[in-house]
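Participant: structure of the sequence below:
(2 chains)
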Protein chains: 2
Amino acid sequence: METVTLTVKGMSCAHCVQAVEGSLGKLDGVQQVEVHLGAGKVEVQFDAERVSLQQLAETIEDQGYDVA
Amino acid sequence: METVTLTVKGMSCAHCVQAVEGSLGKLDGVQQVEVHLGAGKVEVQFDAERVSLQQLAETIEDQGYDVA
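Facilitator: Numbering: from 1, shown residues only, chains lettered A, B, ... in the order given. Model prediction:
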C-alpha cells in the first residue's frame, strides 16, 4: 500500500470534495481518500499493483479538476 | 409572474450552480432560474401566488448558501 499527496486545482466547495472522493473511492485498489479543500491537496492511499498514479490523476481530471 | 434577483454568497463552482438551480426548479410556482456564478446572483422568475420570496431564499439556504 502506498500513499500519495496530489496537488489539485479548482476544488472550491463541498460538492467538489464529494466528486473527487467519490470517483477515486470507486477505483479498484484505492484504500482511502482524503481531500484537503483549503490546501488544494488530495491524499490517496492505494495499492500500486492494482491502480497506477496516472489512473488516479486521470480520474481527478475527468471530474474537471487540474492535477499539478 | 414576477422576477427577482437574489444575491447569494458561497456559490463557487458548477456543482453549486446545479444545486441551486435544481432545488429552486423543483419548487411549485418557479418558472425559470438563472445562476450568474461570477456575479453571485440568482435570477428567479416565479408565480408569487404559488411560492413566496421567503421560500425561494430558504431553499437556497438549505443548499448551504447565504442569501444577502
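Participant: for chain A, longest helix please?
Facilitator: When chain A is parsed with DSSP state H, its longest helix is helix A:14-25.
Participant: in that helix, what's buried?
Facilitator: Using 16 or more other CB atoms under 10 Å in any protein chain shown as the test for burial, helix A:14-25 gives A:14, A:15, A:16, A:17, A:19, A:20, A:21, A:23, A:24. For the C-beta atoms, the positions are set from N, CA and C on the backbone; glycine is no exception.
Participant: I'd like those written out as CSV, with pLDDT and distance to chain B added.
Facilitator: Putting the buried residues of helix A:14-25 into CSV (pLDDT from 0 to 100; distance: CB to the nearest CB, whole Å) gives the following:
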residue, pLDDT, distance to chain B
A:14, 94, 7
A:15, 95, 3
A:16, 97, 6
A:17, 97, 10
A:19, 97, 7
A:20, 98, 11
A:21, 98, 13
A:23, 98, 13
A:24, 98, 16
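Participant: just give me the closest of those residues to residue A:4.
Facilitator: Of all the buried residues of helix A:14-25, residue A:24 has the smallest distance to residue A:4: 11.0 Å, by CB to CB.
Participant: circling back to that earlier point, got the buried residues of helix A:14-25 as TSV, with distance to residue B:44 columns?
Facilitator: Formatted as TSV, these follow (distance: CB to CB, whole Å):
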residue	distance to residue B:44
A:14	23
A:15	21
A:16	25
A:17	27
A:19	26
A:20	30
A:21	31
A:23	32
A:24	35
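Participant: what is the nearest of those to residue B:64?
Facilitator: Comparing these against residue B:64 with CB to CB places residue A:14 closest, at 7.0 Å.
Participant: which ones are touching that closest one?
Facilitator: A:37, B:64 (CB atoms under 8 Å, 6 or more residues apart in numbering or on different chains).
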